[in-house]
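A.B. asks: Give me a model of this one.
(one chain, ligands or ions: 1)
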Amino acid sequence: MNMLVDGEWRTDAYETTNEEGEFERQSTTFRDEIVDDPDAQFPAEAGRYHLYVSKACPWAHRTLLVRALKGLEDAITVDVVDPYRDEGGWQFTPEKDGCTPDSINGFDYLREAYVAADPDATCRVTVPVLWDKKEDTIVNNESEEILRMLDTEMDRVADRDVDLYPDGYQDEIDEIIDEIYEPINNGVYRAGFASSQAAYDEAVEDLFAALDHWDSVLGDQRYLAGDRLTEADICMFTTLVRFDQVYHTHFMCNRQHVQEYDNLWPYLRDLYQTPSVAETVDMAHIKEHYYTTHPDVNPSGIVAAGPDLDFEADHDRDEMGGSPPEDLLPLA
Ligand SMILES: N[C@@H](CCC(=O)N[C@@H](CS)C(=O)NCC(=O)O)C(=O)O
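C.D. replies: Residues are numbered from 1 along each chain as shown. So this is what the prediction gives:
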């Protein structure tokens with residue numbers, strides 16, 4: 001796979017699986033933080049930060065969701081890369097639907113931003129990237145941390161009063177985010193990129209055991225952490241919304257569709273219908289990216305046609321009690 005080694009782009013630099021055929025996700029490298037303190041290295045300020053995202057990517061999608069839900073659109077700018085990633089890595093192709101130029105640095109490839117931030121960078125070039133327009137550097141490229149920073153540290157500059165990490169729920173939110181990461185969020189990749197039967201079998205077993213578990217939890221409560229929409233739901237949503245159209249077929253997570261689950265499917269529609277969420281979902285980018293970008297998994301690059309899902313269908317989950325944050329509710 002492609003990555004930067006000492007600031008140079010290499011197309012043969014790392015294997016995605018270990019000797020057992022198990023997918024191994026490399027850890028991210030830029031781990032600084034925005035802090036709501038004027039004396040911090042990266043203080044919370046409207047207009048200072050920028051997100052580089054792919055709308056196909058579930059990790060980047062988390063950051064777009066929290067930006068939209070909190071009303072941070074004016075405070076944080078965004079550029080969108082081409083969903084198709086070739087040997088050059090993520091690229092800016094403004095002529096394509098839903099894509100933008102790099103409006104900050106004018107780069108052609110995202111890897112140039114990584115080298116600008118660290119000329120000796122040795123790392124994968126991933127999205128999302130949180131960029132500081134004042135210091136011309138990368139603050140952070142780990143979605144879970146960016147999500148938390150936007151939610152908590154950037155709260156003061158947000159247009160909406162939406163708290164996705166509320167007091168009294170925080171330990172549980174952290175536990176759920178951890179608990180769903182390996183079997184579900186990363187689990188679909190473990191299944192899809194496995195290069196041995198044993199690694200695939202284990203990933204699929206973990207994945208569906210976890211989905212079965214959360215389906216049952218969601219039979220009794222509206223959201224993962226109870227009666228409030230939280231960061232945990234954001235982390236679950238970006239995997240579930242891609243599941244039936246991509247992971248089920250492309251990554252062979254095909255024991256069951258999400259639409260066959262009694263509670264996960266209405267829960268997914270409930271989240272999708274929460275104000276500001278649907279606008280962040282770009283199914284064309286999602287499908288193009290996965291089916292065309294992994295030649296080892298899908299050599300023909302043919303994009304699978306279905307299934308046709310009605311994310312707008314009624315879900316009745318409002319009858320369970322609990323609700324999205326007040327500031328998100330449409331005015332009566
Ligand atoms: N742990 C990172 C993972 C990000 C990640 O793996 N993004 C993928 C896209 S879905 C990527 O950019 N991959 C490019 C590569 O691995 O070269 C996060 O959560 O932000």
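A.B. asks: And the pLDDT at H50?
C.D. replies: In the prediction, the pLDDT value recorded for H50 is 98.
A.B. asks: scratch that, T28 is what I was asking about
C.D. replies: At T28, the model reports a pLDDT of 68.
A.B. asks: buried set for stretch 113-131?
C.D. replies: Neighbour counts over stretch 113-131 (16 or more other Cβ atoms under 10 Å) mark 113-115, 117, 121, 123-131 as buried. Quick note: C-beta positions are derived from backbone N, CA and C, even for glycine.
A.B. asks: From one end of it to the other, what's the distance?
C.D. replies: Between the opening and closing residues of stretch 113-131 there is a gap of 9 Å (Cα to Cα, to the nearest Å).
A.B. asks: quick one: average confidence on it?
C.D. replies: Looking at stretch 113-131 alone, the average pLDDT works out to 96.
A.B. asks: now stretch 77-92
C.D. replies: 97.
A.B. asks: which other residues reach that stretch?
C.D. replies: Stretch 77-92 is contacted from outside by 2, 9, 11, 49-56, 64, 67, 93, 96, 98-104, 107-111, 125, 127, 133, 284-286, 288-289, 292-293, using Cβ atoms under 8 Å, 6 or more residues apart in numbering.
A.B. asks: quick one, what contacts the residue nearest to the spatial centre of the chain?
C.D. replies: Central residue check for the chain by Cα atoms, centre = their mean: the C-alpha nearest the mean position is that of W59, 2.2 Å away. The neighbours of W59, taking Cβ under 8 Å, 6+ apart as the test, are 126-128, 143, 238.
A.B. asks: tell me the helices in the stretch 201-332 of the chain, going along the chain?
C.D. replies: Taking DSSP state H, counting those that start in this stretch, the helices of the stretch 201-332 of the chain run over residues 231-242, 248-250, 264-272, 283-293.
A.B. asks: any idea which of the ones you listed is most buried?
C.D. replies: With neighbours defined by mean count of other Cβ atoms under 10 Å, none of those is more surrounded on average than helix 231-242, at a mean of 25.
A.B. asks: Check for me that the residue nearest to the centre of the chain belongs to a helix.
C.D. replies: Yes. Assignment of W59 by DSSP: H, G, I helix; E, B strand; the rest coil places it within a helix.
A.B. asks: Give me the distance between it and the ligand.
C.D. replies: Distance check for W59 against the ligand: by Cβ to the nearest ligand atom, to the nearest Å, it reads 3 Å.
A.B. asks: same thing with G226?
C.D. replies: For G226, the distance to the ligand - Cβ to the nearest ligand atom - is 25 Å.
A.B. asks: Show me how the record splits this protein into domains.
C.D. replies: The record, using automatic domain parsing to delimit domains, assigns the chain the ranges 3-157, 170-328.
A.B. asks: Is D37 in contact with P43, as I believe?
C.D. replies: Yes. Contact status for D37 versus P43: in contact at 6.1 Å, counting by Cβ atoms under 8 Å.
A.B. asks: Of the two, give the one with the bigger neighbour count.
C.D. replies: When D37 and P43 are compared on other Cβ atoms under 10 Å, the one with more neighbours turns out to be P43, at 14 against 11.
A.B. asks: Across the sheet, point out what pairs with the more buried one.
C.D. replies: Beta-bridge pairing for P43 (DSSP bridges): V35.
A.B. asks: check contacts around L271.
C.D. replies: L271 makes contacts with 229, 233, 237, 240, 277, as judged by Cβ under 8 Å, 6+ apart.
A.B. asks: Now narrow these to whatever sits close to the ligand.
C.D. replies: Restricting the contacts of L271 to those touching the ligand (Cβ under 6 Å from any ligand atom) yields no residues.
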